[in-house]
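*Asks:* Model the following, please.
(one chain, ligands or ions: 1)
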Amino acid sequence: MNMPYLPDGVPLPRPGPDDQPYWDFCRNRDLRIQCCSDCGTFRHPPAPVCAHCGSFAKDWAPVSGRGTVFSYTVIHHAVHPALKQAVPYNIAIVLLDDAGDVRLVSNVIDAAPADMRIGMPVQLAWDATADGGFVPRFRKA
Ligand code: ZN
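*Replies:* This next block holds a predicted model:
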């Protein structure tokens, strides 16, 4: 297995009732986005109610993992002690190709800071976490 993009010791996701299913799917390397069962609107982060139609009914739709960099930043200051050796690293907002307006906050793991571009096509790349789970990150497509 490759080295994780961010080192062990970085705080891991602590799901609540709304996003627990999302992280359970991720644990199986299955990227799914919550969507409304009644009107089909995608929503992320997961939430109990559809903001479009008010329905409480929801599904978890599998998505391709293809997307584009909507925006990004390059982090130079380690905000957690575990990140001291990781800087500089990028944080990317990825607009998924097949999930409406859903954008994931993630990283492009094979892009040096100078390589980052808005509009860059990317593809899902699962990154293992210290607790045996996976987080969705991206590679240049
Ligand atoms: Zn709806």
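*Asks:* So N90 versus D24, what's the distance?
*Replies:* Taking Cβ to Cβ, to the nearest Å as the measure, N90 falls 27 Å from D24. Using the backbone N, CA and C atoms, a C-beta is placed for each residue, glycine as well.
*Asks:* I meant to write T129 there.
*Replies:* From T129 to D24 the distance is 14 Å (Cβ to Cβ).
*Asks:* cool, and G9?
*Replies:* 23 Å.
*Asks:* just for the chain, where's the confidence low?
*Replies:* Applying pLDDT under 70 to the chain picks out residues 1-2.
*Asks:* How are the strands of it distributed by residue range?
*Replies:* Remark: strands assigned in the chain by DSSP state E are 32-36, 58-62, 66-75, 89-96, 103-106, 121-128, 134-140.
*Asks:* Quickly list what the nearest residue to A125 once chain neighbours are set aside is bridged to.
*Replies:* The shortest distance from A125 to any non-neighbouring residue, by Cβ to Cβ, 6 or more residues apart in numbering, is to R139 (4.4 Å). Counting by DSSP bridges, R139 forms beta bridges with Q123.
*Asks:* Renumber starting at 54 from here on
*Replies:* All set: I'll call the first residue 54, so the last point we hit is now R192.
*Asks:* Spit out the contact partners of R192.
*Replies:* V161, I162, D163, V175, Q176, A178 (Cβ atoms under 8 Å, 6 or more residues apart in numbering).
*Asks:* make it 10 Å
*Replies:* G118, N160, V161, I162, D163, A164, V175, Q176, L177, A178 (Cβ atoms under 10 Å, 6 or more residues apart in numbering).
*Asks:* and the two most separated of the residues you listed?
*Replies:* Across these, no pair lies farther apart than G118 and A164, at 16.3 Å, counting by Cβ to Cβ.
*Asks:* Quick check, C79 in contact with P66.
*Replies:* Yes - under the criterion of Cβ atoms under 10 Å, C79 makes contact with P66 at 8.4 Å.
*Asks:* quick revisit: for the ion, find the nearest of the strands of the chain.
*Replies:* strand 85-89 (3.0 Å; Cβ to the ion).
*Asks:* Which strands and helices lie in contact with that closest one?
*Replies:* Applying 3 or more Cβ pairs under 10 Å, 6 or more residues apart in numbering; DSSP states H and E, we find strand 85-89 packed against helix 73-80, strand 111-115.
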